[in-house]
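Asks: Here is the input, now give the coordinates:
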Amino acid sequence: MNIAVIIPAFNEEKSIAKVIEAIPKNLVQYIIVVNNNSTDETVTVAKAAGAIVLTENRKGYGWACLKGMDYLKNLSIDIVVFLDGDFSDFPEEIALLISPITNQNMDMVIGSRVLGNREKGSLLPQQRFGNWLATKLIRIFYGAKFTDLGPFRAIRYNRLMELKMADKTYGWTIEMQIKAAKKKHHFCEVPVSYRKRIGVSKVSGTIKGTILAGIKIIFAVFKYRF
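Replies: Here you go, the predicted structure:
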């Protein structure tokens, strides 16, 4: 199967090479880093590490993911993996996410940090609360059981395109999960490892980012209800 990894990156010069180097090259054919208006050396470092580097100047996690997806249109891709560029996830665990798709006919697999082994202090209190609240609401309104909205995930390319992803910022992950549930896609979670990220989170690391992400996530739960 042809597998592509999309890595949104904003000022990740200290971590991006580590992420790229840890990706199992025997599984992945395309490593795509989407530079999301970085002001540091993210682009230079990512290219040196061997990634395909795209640039999306409109800031927002969703914008970066959409840019990566657009690049895949002219390729033959079976599975897309989304992975953060801060080295908090363990790229070598990509096989754990791919296995349920290739062996159990799953359409989407979420890497759950809640179910996996976490380094102390890696998942901040606001992240844990946000996950709990969002997944609780998804279960109530959509009947879908999740434990996490973690960015580390794999999905069949054709199923991803069916979702018609649109969110440009913080609501990207929850949009994907809600839409997959509404379309009755086959999905599951697998436990993944998680460590403290390199650098400061642009979302959970700031009060403004935390509040905006929280509002976006709650809004998304009701937005896709109808």
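Asks: Packing partners of the helix or strand bottoming out on mean pLDDT in the chain?
Replies: Lowest mean confidence among the helices and strands of the chain (mean pLDDT, DSSP states H and E): helix 207-223, at a mean of 70. Judged by 3 or more C-beta pairs under 8 Å, 6 or more residues apart in numbering; DSSP states H and E, the packing partners of helix 207-223 are helix 125-142, helix 172-182. (C-beta placed from N, C-alpha, C; glycine too.)
Asks: From the chain's centroid, how far away is that helix?
Replies: 17 Å (C-alpha atoms, centre = their mean, to the nearest Å).
Asks: Now it - C-alpha only, CSV.
Replies: Extracted in CSV, the C-alpha atoms of helix 207-223 (Å, rounded to 0.1, in the frame of the first residue of the first chain):
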residue,chain,number,x,y,z
ILE,A,207,-4.1,30.8,27.4
LYS,A,208,-5.4,32.3,24.1
GLY,A,209,-4.8,29.1,22.2
THR,A,210,-6.4,27.0,24.8
ILE,A,211,-9.6,29.2,24.9
LEU,A,212,-9.9,29.4,21.2
ALA,A,213,-9.4,25.7,20.7
GLY,A,214,-12.0,25.0,23.4
ILE,A,215,-14.6,27.2,21.8
LYS,A,216,-13.8,25.7,18.3
ILE,A,217,-14.2,22.2,19.5
ILE,A,218,-17.5,22.8,21.3
PHE,A,219,-18.8,24.7,18.3
ALA,A,220,-17.9,21.8,16.1
VAL,A,221,-19.8,19.3,18.1
PHE,A,222,-23.0,21.2,17.4
LYS,A,223,-22.1,22.5,13.9
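Asks: what angle separates that helix from helix 172-182?
Replies: Taking axes from the mean of the first three to the mean of the last three C-alpha atoms, to 10 degrees, helix 207-223 and helix 172-182 form an angle of 20 degrees between their directions.
Asks: circling back: single out the most deeply packed of the helices and strands packed on helix 207-223.
Replies: When the helices and strands packed on helix 207-223 are scored by mean count of other C-beta atoms under 10 Å, the highest mean neighbour count falls to helix 172-182 (a mean of 22).
Asks: Report the contact partners of the closest residue in space to Gln177 that isn't next to it in sequence.
Replies: The shortest distance from Gln177 to any non-neighbouring residue, by C-beta to C-beta, 6 or more residues apart in numbering, is to Phe146 (6.0 Å). Applying C-beta atoms under 8 Å, 6 or more residues apart in numbering, we find Phe146 in contact with 110, 112, 135, 138-139, 177, 189.
Asks: where does the protein have low pLDDT?
Replies: Along the chain, segments meeting pLDDT under 70 span 200-210, 213, 226.
Asks: let's see 80
Replies: The model of the chain has pLDDT under 80 over residues 126-127, 199-226.
Asks: just the helices in it please.
Replies: Shown for the chain, the helices assigned by DSSP state H span residues 16-22, 42-48, 61-72, 94-104, 125-142, 157-162, 172-182, 207-223.
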